[in-house]
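Trainee: give the three-dimensional model of this entry:
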Amino acid sequence: MLAKTPDVVVRSQGIINILPHAERIWDIYEHQGEAGRGVYGSVIKVKLRASTAKEPVVFAMKRTYRDEAIAGIPPTAIREISLLQDLRHPNVIRIERVFIAPESILVVMEYADTDLQRYMEKIGGPLEPCEIKTLTRQMLEGINYCHMNRTYHRDLKPANILLQRCDGKHVLKIADFGLSRQFSYPLSQKHTPCVVTMLYRAPEVFLGAAEQQTYALDMWSVGCIFAEMFKGKPIFEGETSEFGIILNIFLQTVGASPDIRNLGEKGQQIWTALDKKRTKPHPLSDLEDVPPGAIDLMMKMLALNPQKRITAHGALQHPFLL
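Mentor: Residues are numbered from 1 along each chain as shown. This is a model prediction of the structure:
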């Protein structure tokens, strides 16, 4: 099938388009400046050269270069495109078009003004409770949709939560699905534990309990982000090693709980370290000004046992968010 665009003809199937050369993309879009840069490429703000008034004209373009080590496009880019073609929700970033060129792959998607990490850095402290409630509900709506479609994100963090400004309010978009997976029951495939930035990583991932890595690991990350919006900084910061962070998690949430010994290979080691400290649990003790309802929801999201952790659907029914 041939798709005619301004001054360039590309072969097209659905949203996938084949370009003879990546630079021909500028016959279709106007470069508006670089919006970010990562390991595999860059994100560029672009404007569609020809459009109708009803269409959005500004987009983000993620340009991923071929990885010489694997002689092709990084699998994270292929996985993200594959998943996002099927995920359509107001709180999940939407792919508009994909252009495949000999030297790179270019993904055109919705444009967002900022992300939650940069927004919180700009605020310089906790967000207002009403805004936290609004953003958390949107985040849960998007994650619940993903989970209902058998997809778990595995890398939720403030930098991957995009914010669009619309009529004076923020519309939240979950982005960066490069580490995402689709799950099925029973859970037979063992995924890599190297997921999620350490400050938002669920304890079952730290402890190597592969059989318990399901949608619940996303809910732990949501709980960390939820608490961070109240605190103004990551709740488990201060440690740089995996062992230090997981120890801090247990001290902050449940203390020396017998559940620890059931969470994978490292559980007994953590149990021994906690027992030596002989400390009592002090659940998120530095969040005194947080409403009791928010603390209750937070603790349900940060339940140590993933089987007891609240689901996205359950969290949306919590009184604090109603």
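Trainee: could you list the domains of this structure?
Mentor: 2-110, 114-321 (automatic domain parsing).
Trainee: most packed of these?
Mentor: Greatest average neighbour count among these goes to domain 114-321 (a mean of 18), per mean count of other Cβ atoms under 10 Å. All C-beta atoms are positioned from the backbone trio N, CA, C, and that covers glycine.
Trainee: quick check: the gap between Leu106 and Leu217.
Mentor: Distance from Leu106 to Leu217, counting by Cβ to Cβ, to the nearest Å: 31 Å.
Trainee: try Leu19
Mentor: Leu19 is 37 Å from Leu217, by Cβ to Cβ.
Trainee: so in this protein, where's the weakest helix or strand by average pLDDT?
Mentor: Ranking every helix and strand in the chain by mean pLDDT, DSSP states H and E puts strand 2-5 at the bottom, with a mean of 37.
Trainee: show me where this structure has its helices.
Mentor: Listed in chain order, the helices of the chain (DSSP state H) span 75-84, 116-123, 129-148, 203-206, 216-231, 242-253, 267-277, 292-301, 312-316.
Trainee: contacting residues around Ile16?
Mentor: Val98, Ile100 (Cβ atoms under 8 Å, 6 or more residues apart in numbering).
Trainee: wouldn't Thr76 be in contact with Gly178 here?
Mentor: Yes. Assessed by Cβ atoms under 8 Å, Thr76 is found in contact with Gly178 at 3.3 Å.
Trainee: show me the shaky parts of the stretch 201-322 of the chain.
Mentor: Applying pLDDT under 70 to the stretch 201-322 of the chain flags the ranges 209-213, 238-244, 246-247, 250-286.
Trainee: try 90
Mentor: Within the stretch 201-322 of the chain, the ranges that satisfy pLDDT under 90 run 201-215, 233-290, 299, 302-308.
Trainee: distance check, Glu34 against Met120.
Mentor: 22 Å.
Trainee: brain fart, Ala35
Mentor: 18 Å.
Trainee: next one: Gln317
Mentor: Distance from Gln317 to Met120, by Cβ to Cβ: 27 Å.
Trainee: before we move on, back to that, okay, the helices of the chain in a markdown table with distance to Tyr29 next?
Mentor: Output for the helices of the chain, formatted as a markdown table (distance: least, Cβ to Cβ, whole Å):
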| stretch | distance to Tyr29 |
| --- | --- |
| helix 75-84 | 18 |
| helix 116-123 | 24 |
| helix 129-148 | 26 |
| helix 203-206 | 38 |
| helix 216-231 | 32 |
| helix 242-253 | 41 |
| helix 267-277 | 51 |
| helix 292-301 | 40 |
| helix 312-316 | 35 |
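Trainee: nearest to Lys45, of the ones you listed?
Mentor: Proximity to Lys45 (Cβ to Cβ) singles out helix 116-123 among the helices of the chain, at 14.6 Å.
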